[in-house]
Structures are given as C-alpha cells and as structure tokens.
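J.: Got a predicted structure here, sequence first:
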There are 2 protein chains.
Amino acid sequence: MSGRLVVLGTGPGKPEQMTPEAAAAITEAEVFFGYGPYLDRLWLRPEQRVVASDNRAEIDRSRAALEAAAGGARVCVVSGGDPGVFAMAAAVCEAIEDGPATWRALDLQVLPGVTAMLAVAARAGAPLGHDFCAISLSDNLKPWELIERRLRAVAEAGLVIALYNPISKARPWQLPAAFRVLREVLPVSVPVIFGRAIGRADERFAVVPLAEAEQHWADMATCIIVGSAETRTIERPGRDPLIYSPRSARG
Amino acid sequence: MSGRLVVLGTGPGKPEQMTPEAAAAITEAEVFFGYGPYLDRLWLRPEQRVVASDNRAEIDRSRAALEAAAGGARVCVVSGGDPGVFAMAAAVCEAIEDGPATWRALDLQVLPGVTAMLAVAARAGAPLGHDFCAISLSDNLKPWELIERRLRAVAEAGLVIALYNPISKARPWQLPAAFRVLREVLPVSVPVIFGRAIGRADERFAVVPLAEAEQHWADMATCIIVGSAETRTIERPGRDPLIYSPRSARG
C-alpha cells in the first residue's frame, strides 16, 4: 500500500500564514478532499483532483479520503486554520476508529496550522496573553446545556474565551444566549473581539464591550474572543486600541 | 518616526512550520530581541543585530525593543511558537501601557504562529478535537491556588487541557501537584501526552495514562495535553496509537 493521507490546515486565510510544511504537502498530493471554500484557496496543477463537499459532511468526506488513500492515492484533507481545532483531524480519527482495520495501517500525518483565534488575537494585541480556552458554540454535536455550563465554568475561572462556530443560519439564537450567560458572570465592560478573514480583503474586525456585544457582528466564519476581568485596553492615537490580557493575575 | 516593531513567533521548532509572513518580517528587520535559544533558530545576515536576553527578562526586553523602535529602527521581538500564547506579545503590551506616550504611536504588528499545543496535538492525532483550554503552570506571576482552582474547574467542565511551562528547576513540585488535582477529578485512564521539539532531531513524545503521568517526562520546553473523559485511543499496528477527542459530547 503506497497511499498516504495528510490532514492539514491552510491557516486563517492569508496565504502567507500557511506553513511551508503544509504547502509542500499540497504540492505532493494527488487528490484533495474538503469544504469547497477552503479548496478554492489552493493553487493546484491541472492533474491534481478536487473533491469538494458540504460544510457538515465531515464523516462522509473522511471516509472517502481514507478509501482513496487505502486504494494507493496520495490524499490531502484540507481544513481552514489548524486541522485539529474544530476541524477535520478529529473527524478522520472517528472514521478510522469505526472503519476497516486496513485504515489503521495507513500512513497518516496531521500537519498543524495557525488557528483562527491566534490570528484574531494578533490583530487585537495579545488578548490570549494568560490562561484561555476555545469553545465551539455549535450544538449540532453536543447539547446546548453543556455549552452553557462550560461557558459559566470558564468565565468564573477567569479564562479568556475564544468562541468558534458562533452562529449560522440554522443556529441563530445560540450566540445571544451565550452573551447572556457571560454577562451574568463577567463585568459587562470586558472587551469582546470579533474577527473574520483577518488580513484578507474581506476582513472584518471589531471590539465592543460585553454589554454591547450583539450577534450581528458575527457570521459562521467569525472567531470571537471574550476577555477576562483582567483584560486591558490601551487607547492609541490614530490606531485601533491594543487589547491584551496581562501575564500576571491576582488570586 | 520611521521605526517599527514586529512581534512574531518562530513556530514550535521545525523551520517548515514558521509562516512565510514571519520569515519575511525577519528578512526586513534590523535588530532582534529575544530569548537566546529562539534567536539561535534564525538565519540572519551579518548586518542584522541580535540582543539576546534571559528567559525571564520579558519586560526589560520589551522596553529595550520599544526604545529601539521609537529611535527609528526596524525591530523584531522573537518568541517561540505563537507570540500571543504565554509569550512576548502580552509583555510588549504591558510595557507600552506603562511606558511613555510615544510608544503608543509606534507602528506595532503582532504576527501569529503555530503554538506548541497544536504541534503536539497534530503529532498525537486530534486530542484538541473538542472544547479545550491552555493553562500555564508557572506560578511566578499568579498564585498557585488560582492555578489549582482553574485546573479543577476546566477538568470538571470536560475540557481537554494543554499545560504550558509545566516544570523548571525553580518550579519542581507544581507539575506533580497538578497531576494530583487532575486525578481527583478525571478518570485516571485519560491519556496524557508529553511533547517537546516535535519534528526536530531532539523530539520527545510520549503518551501515558493519567494514573502513570510523572514529572520526569517533562522539561521546561514540553507541552502537555491532558485528555478529557471523552478522549479516545486507537491502537494501530506498527504505529503510535492515535489519540483524539471526538467532536460530539453527551450532556
């Protein structure tokens, strides 16, 4: 069996933020599986084949990619950002666990990338400068009550919170509900950072206090960072304010 | 004032995991500030100047870099991994907040990178596949009681936990104490992943159950990922097991 499967991330969107390691793997692969908009970011040769699928078809996509690799192809599964953060690496592992034994023998490599929260944080300053967490607001695969419980726990513990998958047409009320929970626990002055397509032509970036945070700032490609009570704002003349979370904390 | 300050990360260690954006900023800079071992990773031209400093001199290093930029130089502050995750970006912001007003007018850019937990996760499979957090075990800048409280809260909430700065000569007992707290909350069978210098010649990588996790697996450059009760292990013939956290969760 000479096939192999590489699961990689294209980074947050700007081509210069994709690692050379991921770019080399793209050059070497024969067939690519992924969500259409991510595949559209790749510059491929005519003989490289693309199999685009819908956003939510992750397990079917993983199985198709594993089958192609087991059949001897050099296969690439493409995520945005980092493939291990709310992306394809876990779906591929799930498919392997439930699939034929031959899939466990495959040459599988996961290549890390710059995940969205790191790009949004860099654009803002250093809001992830102390302990933080990343929580997906999608209740497609876990109950909403669990998400609310987690939000409350991490906010009470003083962690900065990065929210992935904040909103979609099918999930319109979850983000406002999350802001309500966070307002019960955190000072309503903590900064909330909305970032989307950072560094690209269609970038959207905004910072508002939690009291004024509203869902219309976000779409499904937005990553939101909610500061802790320690997070600080530095006003700057003629520039966006700097948002950062100090390295030190009181008890 | 034509100076500028770029704060960037070299990635987790493998040169192919540094972004082209960071590499371009390194080419353009005149003077570099950072911890010696990170600066040693750079390939510089003879006229590019290096100011190495000790691991814990972050504020002094930030001030020196800001002064050089305010004096008109093109300055680069170098972190390992991502500059915003337990690294230099927050220290630079702290120095700006406490420094002269001119520093707020500086052209400052933070460039994201691949942080250590993403490289360790990719090496293991997809252990960060669901909600997760990153916690520094260093009690140099926050009380140990706060760290224990946070560990307990996130473990009870079911998050996967990435531990940064797990141990050092000056902090020998904190990692064993953290494992004790986690054993009180989590099943002792959850996998604990130790990763260091992933993809480099001096890589160290190990997975053990929480029951057997010991401090001697880690040094100050190790990132540790502690699974949740949902995290799974797939045995593979002739390969390391795959560790992943499924995207779905029960309530």
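T.: Received the coordinates, thanks. Numbers count the residues shown, from 1 in each chain, chains lettered A, B, ... in the order given.
J.: which sections of the stretch 101-250 of chain A are below the confidence cut-off?
T.: Filtered on pLDDT under 70, the stretch 101-250 of chain A yields no residues whatsoever.
J.: ok, which stretches of it are helices?
T.: Here the stretch 101-250 of chain A has its helices, by DSSP state H, counting those that start in this stretch, at A:116-124, A:144-156, A:174-185.
J.: Could you single out the most deeply buried of those helices?
T.: helix A:116-124 (a mean of 29; mean count of other Cβ atoms under 10 Å in any protein chain shown). (Glycine included, C-beta is placed from N, CA and C.)
J.: would you list the helices of the stretch 101-250 of chain A in TSV and tack on distance to A:V78?
T.: Listed next are the helices of the stretch 101-250 of chain A as TSV, based on distance: least, Cβ to Cβ, whole Å:
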stretch	distance to A:V78
helix A:116-124	15
helix A:144-156	27
helix A:174-185	27
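J.: Could I get the contacting residues of A:M18?
T.: A:G9, A:T10, A:G11, A:G113, B:T19, B:P20 (Cβ atoms under 8 Å, 6 or more residues apart in numbering or on different chains).
J.: distance of it from B:C76?
T.: Distance from A:M18 to B:C76, counting by Cβ to Cβ, to the nearest Å: 21 Å.
J.: before we move on, what about A:W43?
T.: Taking Cβ to Cβ, one finds A:W43 at 29 Å from B:C76.
J.: swap in A:K14?
T.: For A:K14 relative to B:C76 (Cβ to Cβ), the value is 19 Å.
J.: Hmm, A:R236 is touching B:R104, no?
T.: Yes. At 4.4 Å, A:R236 counts as touching B:R104 under the criterion of Cβ atoms under 8 Å.
J.: Could you list the domains of chain A?
T.: A:4-114, A:117-244 (automatic domain parsing).
J.: any chance of those in CSV, plus distance to B:A87?
T.: What follows is the domains of chain A, written out as CSV (distance: least, Cβ to Cβ, whole Å):
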stretch, distance to B:A87
domain A:4-114, 14
domain A:117-244, 8
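J.: Quick one: closest of these to B:F33.
T.: For B:F33, the closest of the domains of chain A is domain A:117-244, at 16.0 Å, according to Cβ to Cβ.
J.: do the closest one and chain B meet?
T.: Yes. Applying Cβ under 8 Å from any Cβ of the partner chain, one finds domain A:117-244 touching chain B at A:118-119, A:121-123, A:125-136, A:141-143, A:145-146, A:149-150, A:153-154, A:156-159, A:232, A:234-239, A:242, A:244.
J.: just how off-centre is that domain within its chain?
T.: Relative to the centre of its chain, domain A:117-244 is centred 13 Å away, using Cα atoms, centre = their mean, to the nearest Å.
J.: Kindly check the end-to-end length of it for me.
T.: The first residue of domain A:117-244 is 14 Å away from its last residue (Cα to Cα, to the nearest Å).
J.: ditto for stretch A:192-202
T.: From its first residue to its last, stretch A:192-202 covers 20 Å (Cα to Cα).
J.: circling back: which of A:K14 and B:C76 has more neighbours?
T.: Counting neighbours by other Cβ atoms under 10 Å in any protein chain shown for A:K14 and for B:C76 shows that B:C76 has the greater number, 29 against 19.
J.: Surely the more buried one touches B:I26?
T.: Yes. Counting by Cβ under 8 Å, B:I26 is a contact partner of B:C76 at 6.3 Å.
J.: Residues in contact with both of those two, list them for me.
T.: Going by Cβ under 8 Å, 6+ apart, residues that sit against B:C76 and also against B:I26 are B:L8, B:F32.
J.: now A:R74: how far from chain B?
T.: To chain B, A:R74 is 18 Å away according to Cβ to the nearest Cβ, to the nearest Å.
J.: Show the pLDDT at A:R56.
T.: For A:R56, the pLDDT comes out at 74.
J.: what's the spacing between it and A:D240?
T.: For A:R56 relative to A:D240 (Cβ to Cβ), the value is 34 Å.
J.: all strands for chain A, in order.
T.: For chain A, the strands defined by DSSP state E cover A:4-9, A:31-35, A:49-53, A:74-79, A:107-111, A:125-126, A:132-136, A:160-164, A:191-196, A:204-209, A:223-226, A:232-236, A:239-244.
J.: Of these, which stretch is the most buried?
T.: Of all those, strand A:125-126 carries the top mean neighbour count, a mean of 30, counting by mean count of other Cβ under 10 Å.
J.: now for that one, which elements pack on it?
T.: strand A:239-244, helix B:88-98 (3 or more Cβ pairs under 8 Å, 6 or more residues apart in numbering or on different chains; DSSP states H and E).
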